[in-house]
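K.L.:
Starting from these lines, generate the structure:
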Amino acid sequence: MRRSPQKIEDIEKQIADAALRLGNNIDGYSIQELAKKAELAVGTIYRVLPNKQQLDKLLEERCEEVFCKFILAPIPARLDMKGRFALVFDRLTDFIEQEPEVAEYLATHGFKDDSKFKASITAFIDEAAVSGDIDIKLKPIALSLIWGPIASLLQCRGDKDSAKILKESVWAALKS
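P.N.:
Numbers count the residues shown, from 1 in each chain. So this is what the prediction gives:
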């Protein structure tokens, strides 16, 4: 039996990229369609991902990895809390332009509770609450206040005007 000379990680990336191009509903296409889009043999797909639940997990991990690499890139320490918040929102609009399929997937599926992104938002909220940059009474709902507009921005394809309004509105809501 002939095996692909590619590394599993490269095949997984190829499959994930093809799946995202087919749409974020994995039940909307067959493994044969996925194999064709990925330019891989059907057997290779099944060898790497024996079922669609594994594909769903792969997409979730791949999308979070791409998102976090882009959005959570190092943030200059000299920025105050509002500056960090603004930088992340600005990166978000650039991300949506550069990775529209990943943005659409994340808008629809969100992040797991134990994701790096949610952990970073929680750390930001904790630090901003301690420093007085956000209202400490809002701490229990701050994650939702931040994630909701981000999901909306992902869905509206990162319109710069919408992003600016959301950025200012969310910061103002966190301060109240």
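K.L.:
Quick check: residue 34 touching residue 19?
P.N.:
Yes: using Cβ atoms under 8 Å, residue 34 is in contact with residue 19, at 5.9 Å. For the C-beta atoms, the positions are set from N, CA and C on the backbone; glycine is no exception.
K.L.:
Pick out whichever of those two has more residues nearby.
P.N.:
Taking neighbours as other Cβ atoms under 10 Å, residue 34 and residue 19 compare with residue 19 leading, 27 against 21.
K.L.:
Report the distance from the helix or strand containing residue 151 to the chain centre.
P.N.:
Here residue 151, judged by DSSP states H and E, is contained in helix 139-155. The chain centre lies 13 Å from the centre of helix 139-155; the measure is Cα atoms, centre = their mean, to the nearest Å.
K.L.:
what about the nearest residue to residue 37 once chain neighbours are set aside, is that helix, strand or coil?
P.N.:
Spatial nearest neighbour of residue 37, chain neighbours left out: residue 18 (4.0 Å); criterion: Cβ to Cβ, 6 or more residues apart in numbering. Secondary structure state of residue 18, per DSSP: H, G, I helix; E, B strand; the rest coil, is helix.
K.L.:
Which segments of this protein make up each domain?
P.N.:
Structural domains assigned to the chain are 8-50, 62-175, following automatic domain parsing.
K.L.:
can you tell me which residues contact residue 8?
P.N.:
Applying Cβ atoms under 8 Å, 6 or more residues apart in numbering, we find residue 8 in contact with residue 48.
K.L.:
for the one 4 residues further on, same thing?
P.N.:
When contacts are counted by Cβ under 8 Å, 6+ apart, residue 12 is found next to 48, 49, 58, 62.
K.L.:
Where helices are concerned, which of the residues you listed count?
P.N.:
With helices taken from DSSP state H, the overlap with the contacts of residue 12 comprises 48, 58, 62.
K.L.:
is it true that the first one touches residue 14?
P.N.:
Translated: residue 48. No: using Cβ under 8 Å, residue 48 is not in contact with residue 14; the gap is 9.5 Å.
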